[in-house]
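1. Sequence and predicted structure, then a few things I'm wondering about:
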Amino acid sequence: MAFFESEIVQEEAKRLFTDYQQLMKLGSDYGKFDREGKKMFISTMESLMERYKVFMKRFELSEDFQAKMTVEQLKTQLNQFGITPDQMFQQMNMTLERMKSQLDD
């Protein structure tokens, strides 16, 4: 079975995309959140990033040609911004850590 034909892969891709869209929509009001709301938002974003890392690792470990091409396309797109996938995740984590530190201000 091809990588993208897997029901598990399709379902997780759909869930990740939907969850991300909803979180970004919610995040547009981040400045209006109280401290607990901000903590929940950050925690949810961390969870989503972990799910995305696992999802991408599936692509990297797959022997499927389309999965390998998807990884290469992501690397090419990120390279246009001068970063690697690992750097992208590091920057996201740094942003979330900065958001956490601002909760104590």
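-> Cool, got the structure.
2. contacts, neighbours, all on C-alpha from now
-> Will do.
3. Not counting its neighbours along the chain, what's nearest the residue nearest the centre of the chain?
-> In the chain, the centroid-proximal residue (Cα atoms, centre = their mean) is residue 49; its distance is 3.9 Å. In this structure, residue 49 finds its nearest non-sequential neighbour in residue 89, 7.8 Å apart by Cα to Cα, 6 or more residues apart in numbering.
4. What count of nearby residues applies to residue 28?
-> Residue 28: 9 surrounding residues under other Cα atoms under 10 Å.
5. quick one: average confidence on the helix or strand hosting residue 59?
-> Element membership of residue 59 [criterion: DSSP states H and E] is helix 35-61. Helix 35-61 shows a mean pLDDT of 94.
6. which element follows it toward the C-terminus?
-> helix 65-79.
7. Run through the neighbouring helices and strands of that following helix.
-> Applying 3 or more Cα pairs under 8 Å, 6 or more residues apart in numbering; DSSP states H and E, we find helix 65-79 packed against helix 35-61, helix 85-102.
8. Buried residues in it, which are they?
-> Residues of helix 65-79 classed as buried by neighbour count (16 or more other Cα atoms under 10 Å): 67, 71, 75.
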